[in-house]
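J.: my questions are about this predicted structure, shown below with the sequence.
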Amino acid sequence: MIDFAKIIVRAGDGGSGSGSFEHIKGKRRGKANGGDGGRGGNVYLEATNDLSTLEPFRFVKEYRAENGGSGLSKKRKGAEGADYTVRVPVGTQAKILDDRSNIINGNKTFTIQNLEPKDYDLAEHGHKVLVARGAEGGRGNCHLRDEYGRRPFKGEAGGQGEVCDLVLELKLIAQVGLIGLPNAGKSTLLSKLTSAKPKIADYPFTTLEPNIGVMDRKQRPEARDQRVIIADIPGLIEGASEGKGLGDLFLRHIERTRVLVHLVDATGSDAFGNYQTIRQELKAYSKELAKKREIVAVNKIDLAESQVIGRIKGEFSGKRKKVYLISAETGEGVDELVRGILKSLG
Ligand SMILES: Nc1nc2c(ncn2[C@@H]2O[C@H](COP(=O)(O)OP(=O)(O)OP(=O)(O)O)[C@@H](O)[C@H]2O)c(=O)[nH]1
Ligand SMILES: [Mg+2]
């Protein structure tokens with residue numbers, strides 16, 4: 001699931017002012033009557049419930065509003081450029097990149113500093129923000145004088161519309177986050193709980209971007225009328241909170257979840273130690289995240305010896321931690337885990 005996108009937005013340039021003179025029979029030139037150029041259109045971002053990913057922005061990176069029309073004779077103003085509204089999913093945060101906030105073009109500097117704040121939180125359907133302002137049109141020669149006080153032949157050039165780079169970021173608002181070491185079986189579990197079809201493979205870092213699935217009555221009759229959104233993120237490793245591996249890039253996706261399901265691989269050499277490693281990383285990344293309610297599920301019990309499973313269970317219960325024993329592959333124990341998840345969501 002795409003969660004980041006970088007786009008360029010270009011507001012419309014102002015139309016140029018007209019350089020026009022009245023035609024009067026018998027006279028070489030009448031009064032200057034060139035109208036002003038029209039204003040360039042603005043670019044807006046608008047939050048909508050009709051989109052749920054930033055996927056469309058993978059293909060189209062540039063969005064522009066229309067330029068203003070040139071001024072016309074008889075003091076007629078050029079047409080205003082049409083605005084452009086970029087529709088983004090609700091929950092998108094947009095950031096204007098600093099390094100492009102000043103755009104030098106010729107000897108003019110265009111700033112977007114008057115567009116405060118520079119971070120936008122498009123949290124509700126219909127939220128709309130201005131991200132690039134269209135430029136004013138140039139004045140027509142009926143409004144201009146040269147240094148000798150005469151009307152010039154030409155109108156003024158229009159201004160240049162603002163251009164900026166925007167980073168869009170979508171926080172997936174899932175209620176449940178699946179965490180664990182790479183290869184623990186997170187994606188397998190997601191595919192068991194929801195209709196999502198994430199890539200599953202027997203090597204670490206199969207999941208490179210978060211997957212999201214919806215658990216509803218169709219997949220799990222226990223869910224009845226509840227729809228539970230579950231996020232599967234890339235595996236975490238020691239040092240993840242400092243940027244090792246991939247996981248930390250995606251931890252922010254589970255910051256808003258209500259419950260974490262921590263998957264521990266029963267076939268690993270040190271299941272409890274592995275569990276503690278991930279807990280350390282969570283703590284180092286964010287205290288809030290570490291405080292979140294957590295359900296521990298020991299996975300791949302179909303592969304592990306029952307003695308090993310017993311030992312792992314013992315290690316957790318020694319620390320007063322209840323564990324669910326499951327096989328995401330065969331489905332064993334998954335019903336009970338689902339009930340545990342639903343219960344913890346209240
Ligand atoms: N036998 C068995 N294999 C499992 C079980 N759960 C997952 N697997 C296998 O373990 C491997 C890793 O599973 P994934 O679901 O891709 O693991 P992941 O945690 O999403 O891994 P990353 O995305 O790399 O972090 C795959 O080959 C799965 O088929 C299980 O309960 N039993
Ligand atoms: Mg995975």
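T.: Looks like it arrived, so ask away. Numbers count the residues shown, from 1 in each chain. Ligands and ions are numbered 1, 2, ... in the order given.
J.: ranges for the strands of the stretch 1-150 of the chain?
T.: Per DSSP state E, counting those that start in this stretch, the stretch 1-150 of the chain carries strands over the ranges 4-10, 43-48, 62-64, 84-89, 92-96, 102-105, 108-111, 119-122, 128-132.
J.: what sits up against the longest one?
T.: With contact meaning C-beta atoms under 8 Å, 6 or more residues apart in numbering, strand 4-10 is reached by 43, 54, 57-58, 60-65, 84, 86, 131-132, 161-170. The way it works is simple: take the backbone N, C-alpha and C, and place the C-beta from them, glycine included.
J.: I'd like to know which of those are buried.
T.: Among the contacts of strand 4-10, those classed as buried by 16 or more other C-beta atoms under 10 Å are 43, 54, 57, 63-65, 84, 86, 131-132, 161-166, 168, 170.
J.: and the strands of the stretch 1-150 of the chain: which comes nearest ligand 2?
T.: Closest approach to ligand 2 among these is made by strand 4-10 (18.6 Å; C-beta to the ion).
J.: report the distance from that closest one to the chain centre.
T.: Centroid displacement of strand 4-10 relative to its chain, using C-alpha atoms, centre = their mean, to the nearest Å, is 11 Å.
J.: buried set for it?
T.: Those would be 5, 7-10, for strand 4-10 by 16+ other C-beta under 10 Å.
J.: sheet partners, orientation included, of that strand?
T.: strand 62-64 (parallel), strand 163-170 (antiparallel) (DSSP bridges).
J.: just put these in JSON lines and tack on mean pLDDT and distance to G333.
T.: Listed next are the strands paired with strand 4-10 as JSON lines, based on pLDDT from 0 to 100; distance: least, C-beta to C-beta, whole Å:
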{"stretch": "strand 62-64", "mean pLDDT": "96", "distance to G333": "49"}
{"stretch": "strand 163-170", "mean pLDDT": "88", "distance to G333": "33"}
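J.: just send those strands back as CSV, with distance to K322 too.
T.: Shown next, in CSV, are the strands paired with strand 4-10 (distance: least, C-beta to C-beta, whole Å):
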stretch, distance to K322
strand 62-64, 51
strand 163-170, 34
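J.: of those strands, give the one that comes closest to ligand 1.
T.: strand 163-170 (20.1 Å; C-beta to the nearest ligand atom).
J.: who does the following helix or strand past the closest one touch, helix- and strand-wise?
T.: Sequence-wise, the next helix or strand downstream of strand 163-170 (DSSP states H and E) is strand 176-180. Applying 3 or more C-beta pairs under 8 Å, 6 or more residues apart in numbering; DSSP states H and E, one finds that strand 176-180 makes contact with helix 186-193, strand 228-232, strand 259-265, helix 271-285.
J.: is any residue of strand 176-180 near ligand 2?
T.: No: for a cut-off given as C-beta under 5 Å from the ion, strand 176-180 has no contacts with ligand 2; the smallest distance is 8.5 Å.
J.: residues of this structure that sit close to ligand 1?
T.: By C-beta under 6 Å from any ligand atom, the residues of the chain that approach ligand 1 are 180, 182-188, 200-202, 204-207, 234-235, 299-300, 302-303, 327-329.
J.: restricted to buried residues, select those residues in PyMOL.
T.: Remark: buried members of these, expressed as a PyMOL selection using 16+ other C-beta under 10 Å:
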select buried, resi 180+182+183+184+185+186+187+188+200+206+207+234+235+299+300+327+328+329
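J.: in strands, which of the residues of the chain next to ligand 1 appear?
T.: 180, 299 (DSSP state E).
J.: so which of the residues of the chain next to ligand 1 are in helices?
T.: Applying DSSP state H to the residues of the chain next to ligand 1, the entries found in helices are 186-188.
J.: which of these sits closest to R145?
T.: Closest approach to R145 among these (C-beta to C-beta): S187, at 71.1 Å.
J.: per-residue confidence at that closest one?
T.: S187 carries a pLDDT score of 95 in this model.
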